[in-house]
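>>> Just need the structure, nothing else, for what follows:
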Amino acid sequence: MNNQPSDNFFEKLHLFISRKTLIKLVISNPRIRTEELKSLIVTLVELKSGIRLNVVYRYPTKDITKNYPVDEGIQLIKESLQQNFYNADLFSAGETVQLSISKNNKVNLSVHSISEQLISPLKHDRIKARIIETPGNIYLRELGILNANFELRREMSDKYIQINRYVELLEPFIRELQLPDGFQIADMGSGKGYLTFALYDYLTTKLGKSPVMIGVESRDELVKLSNEIAEKSGFTNLHFITGTIKEVALEKIDILIALHACDTATDDAIFRGITAGASLIVCAPCCHKQIRKNFKVTNALKDIMKHGILEERQAEIITDGIRALILEAHGYKTQVFEFISTEHTQKNVMIVGRKIIGQPIYREKNYESIRELKEFFGIKQHYLEELFVGQAKAEIVDLANKISFGIDKSTLYL
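The predicted structure follows:
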């Protein structure tokens, strides 16, 4: 490496450590593409024995963490840049420093000041710390939430708040499941992938879990873009494929997520999750056209529902209420709550169903409640209900065909 730029880089590193303003150092871009070790993430920790450099060795399926005395850690960083990696991104409370090495060992150094001061992780008075950190966050930069210096863009602050709130809400549900390594997450209708990336990042980086996550999106250009960003971020078990909620082929679904799937697409997602036996189903519904178009109210509510806005809100309540009842009828403990304040998004209701094994299921009671609701509002059928009716009919036809073709009847449970 050229001496002058690299010397300046390590002078900065020493300074940030001595002032305890180092936020993070990310060493990335392996010199050998097939190398298992993808990156090193270095932070400061304060132990009883003193200040140490905490180094996370990031592999495709695991992280290994070690603490080093400062001098030993800096020597490790130097050797890593000389032998194993091309890039280093250094983040402090006042500036970022980027070191890049070309294949012929030419070194470039760039330094950028940070206008909004960041607080050192060693301080205990950090205010409103976010779950998804911004320093060195490649996917947030690529998605346009951060600028080139990894600073939050003002016009994307609502999206950043939404991302953090989403991860904060899902974290206890996923912890409670205690799924084994390699559990499968399907994010249906992943779009540009803001929430998909954030959840995968949090599960792997903060919780130390090893999921396989698939983002399903119908638009080829978004699938291509998301896969490129996943590769840049080193997210080896996060993939995006082209498909739809109803038709995409997935061998297994442990957690199904469908955020802002429009109208009956939310029902398709819930049906897919229930029939797959998913342990967790998470939906944030968008639009509620099917029920609203089928309202035939003849009771005392008819004079209220002549107002469009009230009819719309009633359709949302009834649609999501029936969805919750159907989830419960199939053995899911269900919660419906506000995802995030309407100040940040109008699509703010989340339905979460967690599969409960060994608990009594009041299917008949729930479907009776649904029947009464439909009668009250003059609704013939809820779309999610239709899906299960269609499934039952198909199973009866299939069973009849098996019997007629002489299949051993002892294998059938009638």
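>>> which residues touch S80?
By CB atoms under 8 Å, 6 or more residues apart in numbering, the contact set of S80 is I27, L40. In short, each C-beta sits where N, CA and C put it, glycine included.
>>> Go again with 10 Å.
S80 sits next to I27, P30, R31, L37, S39, L40, V42, V55, A88 when contact means CB atoms under 10 Å, 6 or more residues apart in numbering.
>>> and if you look at L250?
Per CB under 10 Å, 6+ apart, neighbours of L250: Q184, A186, M188, I214, V216, I241, G243, L256, R272, A276.
>>> Pretty sure the second one sits against F240.
Translated: A186. No - using CB atoms under 10 Å as the test, A186 is too far from F240 to be in contact (11.3 Å).
>>> which residues are common contacts for the two?
Common neighbours of A186 and F240 (CB under 10 Å, 6+ apart) are M213, I214, G215, V216.
>>> Quickly run through the sheet partners of the helix or strand the first one falls within, with directions.
Here M213 sits within strand 212-217, counting by DSSP states H and E. With DSSP bridges as the test, strand 212-217 is paired with strand 184-188 (parallel), strand 238-242 (parallel).
>>> right, and the helix or strand after the helix or strand containing H112?
Assigned by DSSP H and E, H112 belongs to strand 107-113. Reading on from strand 107-113 to the C-terminus, the next helix or strand found by DSSP H and E is helix 138-142.
>>> how about the nearest residue to I351, chain neighbours excluded?
Spatially, and ignoring its direct neighbours in sequence, I351 is nearest to C283 (4.6 Å; CB to CB, 6 or more residues apart in numbering).
>>> so is the one you found in a helix, a strand, or just coil?
Secondary structure state of C283, per DSSP: H, G, I helix; E, B strand; the rest coil, is strand.
>>> Next, the contact list for it, please.
Neighbour list for C283: 188, 256-261, 265-267, 269-270, 273, 320, 323, 327, 336, 349-353 [criterion: CB under 10 Å, 6+ apart].
>>> how about G234, what does it touch?
When contacts are taken as CB under 10 Å, 6+ apart, G234 is in contact with V26, S28, N29, P30, K38, S39, R58, Y59, P60, I138, Y139, T204.
>>> quick one on the thing from earlier: what's the closest of the contacts of L250 to G378?
R272 (28.7 Å; CB to CB).
>>> The closest one and I318: what is the separation?
Using CB to CB, to the nearest Å, R272 is found at 22 Å from I318.
>>> about what we covered before: looking at pLDDT only, which of the contacts of G234 scores worst?
Across those, the smallest pLDDT goes to P60, namely 72.
>>> isn't that residue right up against K38?
Yes - at 6.7 Å, P60 and K38 qualify as touching, with contact defined as CB under 10 Å.
>>> chain center to the strand holding M213: distance?
Relative to the mean C-alpha coordinate of its chain, strand 212-217 is positioned 10 Å out (CA atoms, centre = their mean, to the nearest Å).
>>> who touches the next helix-or-strand element following it?
Per DSSP H and E, the first helix or strand lying C-terminal to strand 212-217 is helix 220-233. Outside helix 220-233, the residues that touch it by CB under 10 Å, 6+ apart are 28-29, 38-39, 137-143, 190-193, 196-197, 200-201, 213, 215-217, 219, 235-243.
>>> Show the buried residues in those.
Buried subset of these (neighbour count, 16 or more other CB atoms under 10 Å): 28-29, 38-39, 137-143, 190-193, 196-197, 200-201, 213, 215-217, 235, 237-238, 240-241, 243.
>>> Now do the same for stretch 219-234: mean pLDDT, whole number.
Rounded mean pLDDT across stretch 219-234 is 94.
>>> circling back: out of the contacts of C283, which are inside helices?
A265, T266, D267, A269, I270, G273, D320, R323, L327 (DSSP state H).
>>> Now stretch 288-305 - C-alpha only, CSV.
C-alpha atoms of stretch 288-305 as CSV (Å, rounded to 0.1, in the frame of the first residue of the first chain):
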residue,chain,number,x,y,z
HIS,A,288,-60.2,-2.8,1.4
LYS,A,289,-62.2,-2.8,-1.8
GLN,A,290,-63.8,-6.2,-1.8
ILE,A,291,-65.9,-5.8,1.3
ARG,A,292,-66.8,-2.2,0.6
LYS,A,293,-68.1,-3.1,-2.9
ASN,A,294,-70.3,-5.8,-1.3
PHE,A,295,-71.9,-3.8,1.5
LYS,A,296,-75.7,-3.9,1.4
VAL,A,297,-76.7,-2.3,4.7
THR,A,298,-80.4,-2.1,5.4
ASN,A,299,-80.3,-1.5,9.2
ALA,A,300,-79.7,1.6,11.3
LEU,A,301,-76.2,2.0,10.0
LYS,A,302,-77.4,2.8,6.4
ASP,A,303,-77.7,6.6,7.2
ILE,A,304,-74.2,6.7,8.6
MET,A,305,-72.6,4.7,5.8
